[in-house]
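Visitor: I would like the atomic coordinates for the input below:
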Amino acid sequence: MKTIILIITMMSFNVLAQSKIEISVKGMVCSFCAHGIESKFKKMEKVEKVKVDLESGKVYLELKENIDREIIKKTIIDSGYSVEGIK
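Guide: Reported below is the predicted structural model:
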């Protein structure tokens, strides 16, 4: 029963528990864009690795620990881009 409650709680807080995250980003067009996003995510303690693919418009994260989906969205938006999806 405690496990079910924990799972429901985690889902309600919109926490991403996967170790690998794929983010579709709109508006990245140059290496400067990629470097800016990469730098912001590298500063986060919960992020292990960051890879930005300009051709596909995707950012790939490998996490050390759970991270909230809203933090990811806010980081992209604060960098001047929009989020099309997170997997």
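Visitor: ends of stretch 50-58, how far apart?
Guide: 11 Å (CA to CA, to the nearest Å).
Visitor: what distance separates that stretch from the centre of its chain?
Guide: In this view, stretch 50-58 has its centroid 12 Å away from the chain centroid, taken as CA atoms, centre = their mean, to the nearest Å.
Visitor: would you say Gly85 is within a strand?
Guide: Yes: using DSSP: H, G, I helix; E, B strand; the rest coil, the assignment for Gly85 is a strand.
Visitor: separation between the nearest residue to it once chain neighbours are set aside and Tyr60?
Guide: Nearest non-adjacent residue to Gly85, counting by CB to CB, 6 or more residues apart in numbering: Ser24, 4.4 Å away. C-beta coordinates here come from the backbone N, C-alpha and C atoms, glycine included. Separation of Ser24 from Tyr60 (CB to CB, to the nearest Å) stands at 11 Å.
Visitor: so what's Val83 up against?
Guide: 23-26, 72-73, 76-77 (CB atoms under 8 Å, 6 or more residues apart in numbering).
Visitor: do that again at 6 Å, thanks
Guide: 73, 76 (CB atoms under 6 Å, 6 or more residues apart in numbering).
Visitor: nearest spatial neighbour of Ile21, skipping sequence neighbours?
Guide: With CB to CB, 6+ apart, the residue lying closest to Ile21 is Leu61, at 4.3 Å.
Visitor: check which helices and strands the helix or strand hosting that neighbour is in contact with.
Guide: For Leu61, the host element (DSSP states H and E) is strand 58-63. When contacts are defined as 3 or more CB pairs under 6 Å, 6 or more residues apart in numbering; DSSP states H and E, strand 58-63 sits against strand 20-26, strand 47-53.
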